[in-house]
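Chemist: sequence first, predicted model second:
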Amino acid sequence: MRGRSLPALTALALPLLFLPTPATAQTPPPGTRTECNSAGLALGAIGETRLQTYNDGQGRTVELWCVRRVFGSNFDLRVIERGQSATIAGCYFAQANNIGPTLHLAPSGAYTKVEWINQSLTAQGTSYRFSYDFATRQVTITATAACRPPVTLTVPPQPDFQQLERLLPPAEDCPPTG
């Protein structure tokens, strides 16, 4: 390095760290949702396990849980605000692909929205899309199926996975073609 010393370069680069950055969405790296897909007998592992915790440092926390029962398991996505935990999304198909959580950020770094997609593996085009808005404290759920128009509803977060499931719009499989 000719002409400049390392301390001088550091002094030039340091202000770049403090430049404002645009708001972006964050998605956890692949593999964060393993270990919650077994549909077999799970007597030794019944219960809830927190898999991931995301905190914006401004009082908003998002947690991904695995809830194991005797036959099967599911994901339960929760938000924690003001010390209160509530379910905003989850895995509601027996065999499914889950995408998320995708965390949308304000320029301040605060979470503004959380998205989760739950897609059936047995019926192409059948899915639930969950979007929680921190400003309104509401969950928008869109159910899609290849054979009918999407159905959207908005509900408050629920105390648990089962209560949110009772509010879901229908997304049952389409009749077989042929």
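Modeler: Structure's in. What do you need?
Chemist: any idea how far the spatially most central residue of the chain is from G109?
Modeler: Nearest to the mean C-alpha position of the chain, by CA atoms, centre = their mean, lies P101 at 2.4 Å. Distance check for P101 against G109: by CB to CB, to the nearest Å, it reads 16 Å. Using the backbone N, CA and C atoms, a C-beta is placed for each residue, glycine as well.
Chemist: now do Q95
Modeler: 36 Å.
Chemist: check whether G90 really touches D76, as I assumed.
Modeler: Yes: assessed by CB atoms under 8 Å, G90 is found in contact with D76 at 4.8 Å.
Chemist: look up phi and psi at the nearest residue to G125 once chain neighbours are set aside.
Modeler: Excluding the flanking residues, the one nearest G125 by CB to CB, 6 or more residues apart in numbering is A146, at 3.2 Å. Backbone torsions of A146, given as degrees, to the nearest 10, read phi -60, psi -30.
Chemist: so how far is the helix or strand hosting V139 off the chain centroid?
Modeler: Taking DSSP states H and E as the criterion, V139 maps to strand 138-145. Offset of strand 138-145 from its chain centre (CA atoms, centre = their mean, to the nearest Å): 13 Å.
Chemist: now do stretch 103-116
Modeler: On CA atoms, centre = their mean, the centre of stretch 103-116 falls 12 Å from that of its chain.
Chemist: where exactly do the helices run in the chain?
Modeler: 6-13, 161-167 (DSSP state H).
Chemist: rank those by mean pLDDT and give me the bottom one.
Modeler: Among the helices of the chain, helix 6-13 has the lowest mean pLDDT, at a mean of 42.
Chemist: where does this protein dip in pLDDT?
Modeler: Scanning the chain for pLDDT under 70 picks out the ranges 1-45, 171-178.
Chemist: the protein: strands as residue ranges?
Modeler: 25-26, 47-55, 60-68, 73-81, 84-90, 96-105, 111-120, 127-133, 138-145, 148-155 (DSSP state E).
Chemist: switch those over to CSV; also include distance to R166.
Modeler: Formatted as CSV, the strands of the chain follow (distance: least, CB to CB, whole Å):
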stretch, distance to R166
strand 25-26, 29
strand 47-55, 19
strand 60-68, 16
strand 73-81, 14
strand 84-90, 11
strand 96-105, 18
strand 111-120, 16
strand 127-133, 14
strand 138-145, 12
strand 148-155, 10
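Chemist: re the thing from before, so who does the residue nearest to G125 touch?
Modeler: A123, Q124, G125, T126, C174 (CB atoms under 8 Å, 6 or more residues apart in numbering).
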